[in-house]
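Student: pasting the structure only:
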């Protein structure tokens, strides 16, 4: 285990050397100051994040899928981001899949040793039918999870695109990958507690990858998630407001057009802007590959 001492995720932070003697306000001030540096470290990795978005966008356009894979906090963050895609952007659940070492039980409690099981990673990828052309984003803050390393190597062998997301200068366990996103956030306030700065950095990067991918696939118009299906009260309210803002219809007529569009905000906007029925609106969107701007402009 001493070999890992050089990893920044395992090094003590001199700023928090006496944190157990700090006041509550001093603890919070220090955590806040350290967190402020995370965004800059993410910014330094933007070239690799951009290349990752190009890979995920291309894969989804070609009918392939994106997989997040990790252990512990890394795995939970991947599952979280993947699970938000269908309700936010009305995409099939298969587009983004989060896989965590130890299975769904590991989402709620630690499964000891799951990150060290290389064979389990290959089994999980096989179970999910990962194939050539899919994108595997292996998440490991220190790059010291054999589970992630094995998944990336297996994905590379079968022709998947592979990305290693880590919060150290280089991963402890190297793998054959197309890209490495390195966000070296430095030592944690509590030594080795990568749920903190490293976890924050991971969440930021995954947000960037998935959101930018959805924008590039036409799931956003202006800065609005127009490709949503109004399936609950909150989304119905949001959909009506979007229709109002872009069409100048009143609330009641906005609601009526949303219902006529079978609760599809995007289709409703086309129906109003092009003065057409739902069938025509859907065909116009299909011809434009789903890009609302290309239809109504």
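Tutor: Sure thing, it's come through. Predicted, not measured: the structure shown is a model, and the values here were computed from it.
Student: and for residue 160, the neighbour number?
Tutor: Using other Cβ atoms under 10 Å, residue 160 has 23 other residues around it. (C-beta placed from N, C-alpha, C; glycine too.)
Student: count the residues that sit near the residue nearest to residue 235 when sequence neighbours are not counted.
Tutor: Counting by Cβ to Cβ, 6 or more residues apart in numbering, residue 228 is the residue found nearest to residue 235 once chain neighbours are left out, at 5.8 Å. Counted with other Cβ under 10 Å, residues neighbouring residue 228 total 20.
Student: for residue 228, what are its contacts?
Tutor: 87, 88, 89, 90, 235, 238, 239, 265 (Cβ atoms under 8 Å, 6 or more residues apart in numbering).
Student: quick check: phi and psi at residue 128.
Tutor: phi -90, psi 0 (degrees, to the nearest 10).
Student: try residue 111
Tutor: Here is the backbone geometry of residue 111 (degrees, to the nearest 10): phi -100, psi 100.
Student: can you tell me how far the nearest residue to it once chain neighbours are set aside is from residue 269?
Tutor: Leaving out its chain neighbours, the residue that sits closest to residue 111 by Cβ to Cβ, 6+ apart is residue 102, at 3.1 Å. Residue 102 is 43 Å from residue 269, where distance means Cβ to Cβ, to the nearest Å.
Student: okay, those two: which has more neighbours?
Tutor: Applying other Cβ under 10 Å to residue 102 and residue 269 shows that residue 269 carries more neighbours, namely 26 against 21.
Student: find the residue at the geometric middle of this structure.
Tutor: Closest to where the C-alpha atoms of the chain average out (Cα atoms, centre = their mean) is residue 206, at 3.4 Å.
Student: contacting residues for that one?
Tutor: Contacts of residue 206 were listed using Cβ under 8 Å, 6+ apart, and they are 68, 77, 78, 81, 137, 139, 165.
Student: what's the closest of the residues you listed to residue 294?
Tutor: Lowest distance from residue 294 to these (Cβ to Cβ) belongs to residue 81, with 27.7 Å.
Student: for the closest one, which non-adjacent residue is spatially closest?
Tutor: Residue 81's closest residue in space is residue 206 (Cβ to Cβ, 6+ apart), at 4.3 Å.
Student: quick check: what element follows the helix or strand where the one you found lies along the chain?
Tutor: Element membership for residue 206 (DSSP states H and E) is helix 197-216. In the C-terminal direction, the helix or strand that comes right after helix 197-216 (DSSP H and E) is helix 233-247.
Student: what's that following helix packed up against?
Tutor: Secondary-structure packing of helix 233-247 (3 or more Cβ pairs under 8 Å, 6 or more residues apart in numbering; DSSP states H and E): helix 251-260, helix 265-273.
Student: got the angle for that helix vs helix 251-260?
Tutor: 110 degrees (axes from the mean of the first three to the mean of the last three Cα atoms, to 10 degrees).
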